[in-house]
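Asks: sequence and predicted structure are below.
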Amino acid sequence: MSIEKAREVLLVEEQGLAAVRGKIGEEFVKAVEIVQSCPGRLVITGIGKSGLVGQKISATLNSTGTSSFFLHPVEAMHGDLGMVMVGDVVLAISYSGETQELNGLLRSLKGRGNTIIAMTGGCESSLAKAADIVLDIGVPREACPLGLAPTASTTATLAMGDALAVVLLNRKKFQERDFRQNHPGGSLGERLKVKVSEVMLAGKDVPLISPDDSGAMAVRELNDKNKGAVLVVDQDNCVLGIVTDGDVRRAVMDDISLHGISTAELMTRDPICTNGSQMAADALSIMQQHEITALPITDDRGLLQGMLHLHDLLGKGEFRFLV
């Protein structure tokens with residue numbers, strides 16, 4: 001019962017996202033263009049659950065190159081309105097579009113000449129009528145069986161905010177180096193601004209095997225080192241290939257005996273490599289481009305220096321491509 005109910009909740013959330021995806025059109029493009037050309041900042045405002053989602057959207061925008069801040073509607077009406085400049089664009093979030101505190105704030109903002117983008121499920125609401133642009137986040141139904149607790153609607157709001165942030169990121173050609181500048185004190189920022197040689201695996205920590213060894217021995221090394229890949233090197237320590245968990249799975253599916261096949265036959269030859277003097281951020285870009293999680297590190301002669309794993313860059317459990 002619990003499992004089925006949980007699956008039903010996720011299905012409702014998926015249906016909500018599908019509905020919102022189908023509504024993205026010219027209004028979204030206009031919103032992006034207005035925010036991109038804004039001479040000031042994007043002011044995000046909302047109250048209750050919408051306010052909490054708005055804070056997360058603001059954080060994502062700041063992290064990806066669009067300057068923004070969150071403004072609580074009540075605090076704004078008691079002095080914080082002074083934070084809003086004439087050239088700022090306002091993103092107002094309310095699913096119903098009839099939030100009294102928010103709509104009261106918008107009247108003041110309209111009087112100051114600020115452009116207002118509404119993110120709402122009520123396209124005929126007071127909020128929508130007050131806005132210059134309306135982003136429709138209406139969902140077929142909430143996952144809450146009572147239809148009261150915001151569930152699918154808050155997911156849709158968050159997703160629309162992510163869509164806005166990522167499209168702006170792409171338009172601004174925001175890159176990893178820009179991300180690092182915005183995260184100088186974060187652990188991710190620290191890992192990305194060092195050289196590969198400072199974060200790579202080296203010595204006995206690198207999973208290695210000979211091309212003449214059996215596939216079964218490659219699997220044993222995969223299990224022992226637990227890095228998802230093992231490098232194949234010759235007697236001069238030159239990198240010949242790589243065997244990944246995926247290579248092993250494909251061999252098993254093809255009924256190939258791992259005891260009867262050599263590592264040379266199992267491996268992917270001439271793997272993508274990089275140099276230890278490269279910046280970690282550049283290595284991450286290589287991994288992203290080729291959709292790989294392990295990168296051999298070699299010198300100019302092709303001799304092994306070490307291996308870089310995605311977890312060494314982003315931390316275990318934090319894997320996500322940035323662009």
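Replies: Cool, the structure landed. Numbers count the residues shown, from 1 in each chain.
Asks: in the stretch 201-323 of the chain, which ranges drop under the pLDDT threshold?
Replies: Counting by pLDDT under 70, the stretch 201-323 of the chain contains low-confidence residues at 314-323.
Asks: equivalent analysis for the stretch 51-200 of the chain, please.
Replies: Counting by pLDDT under 70, the stretch 51-200 of the chain contains low-confidence ranges at 175-193.
Asks: all helices of it, in order?
Replies: 73-76, 100-112, 126-130, 152-171, 176-182, 187-192, 196-199 (DSSP state H, counting those that start in this stretch).
Asks: as TSV, those with distance to Gly22 and mean neighbour count would be great.
Replies: The C-beta positions use only the backbone N, C-alpha and C, and glycine is treated the same way. As requested, the helices of the stretch 51-200 of the chain are arranged in TSV below (distance: least, Cβ to Cβ, whole Å; neighbours: other Cβ atoms under 10 Å):
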stretch	distance to Gly22	mean neighbour count
helix 73-76	30	18
helix 100-112	26	16
helix 126-130	18	19
helix 152-171	12	21
helix 176-182	31	16
helix 187-192	34	17
helix 196-199	43	17
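Asks: I'd like those as TSV, with distance to Ser67 appended.
Replies: Shown next, in TSV, are these (distance: least, Cβ to Cβ, whole Å):
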stretch	distance to Ser67
helix 73-76	18
helix 100-112	18
helix 126-130	24
helix 152-171	11
helix 176-182	10
helix 187-192	18
helix 196-199	31
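Asks: give me the distance between Gly246 and Gly260.
Replies: The gap separating Gly246 from Gly260 is 20 Å, by Cβ to Cβ, to the nearest Å.
Asks: from the centre of this protein, give me the residue that's furthest out.
Replies: Seen from the C-alpha centroid of the chain, the residue lying at the greatest distance (Cα atoms, centre = their mean) is Gly260, 42.1 Å away.
Asks: dihedrals phi and psi, it?
Replies: As for Gly260, its main-chain torsions (degrees, to the nearest 10) stand at phi -100, psi 10.
Asks: got the contact list for it?
Replies: Contacts of Gly260 were listed using Cβ atoms under 8 Å, 6 or more residues apart in numbering, and they are Ser214, Gly215.
Asks: over to Pro211?
Replies: With the criterion set at Cβ under 8 Å, 6+ apart, Pro211 makes contact with Val232, Asp234, Leu240, Gly241, Ser262, Thr263, Ala264, Met267.
Asks: and those, which is closest to Leu146?
Replies: Top of the list for closeness to Leu146, among the contacts of Pro211 and by Cβ to Cβ, is Met267 at 56.9 Å.
Asks: for that closest one, the count of nearby residues, please.
Replies: The number of residues packed around Met267, counting by other Cβ atoms under 10 Å, is 22.
Asks: that one and Ile57: what is the separation?
Replies: Computed as Cβ to Cβ, the Met267 to Ile57 distance reads 45 Å.
Asks: can you check Val35 too?
Replies: Here the distance between Val35 and Ile57 works out to 12 Å (Cβ to Cβ).
Asks: which residues do these two both contact?
Replies: Common neighbours of Val35 and Ile57 (criterion: Cβ under 8 Å, 6+ apart): Leu91, Leu164.
Asks: once you drop chain neighbours, what's closest to Leu81?
Replies: Leaving aside its chain neighbours, Leu81 sits nearest to Ser108 (6.3 Å; criterion: Cβ to Cβ, 6 or more residues apart in numbering).
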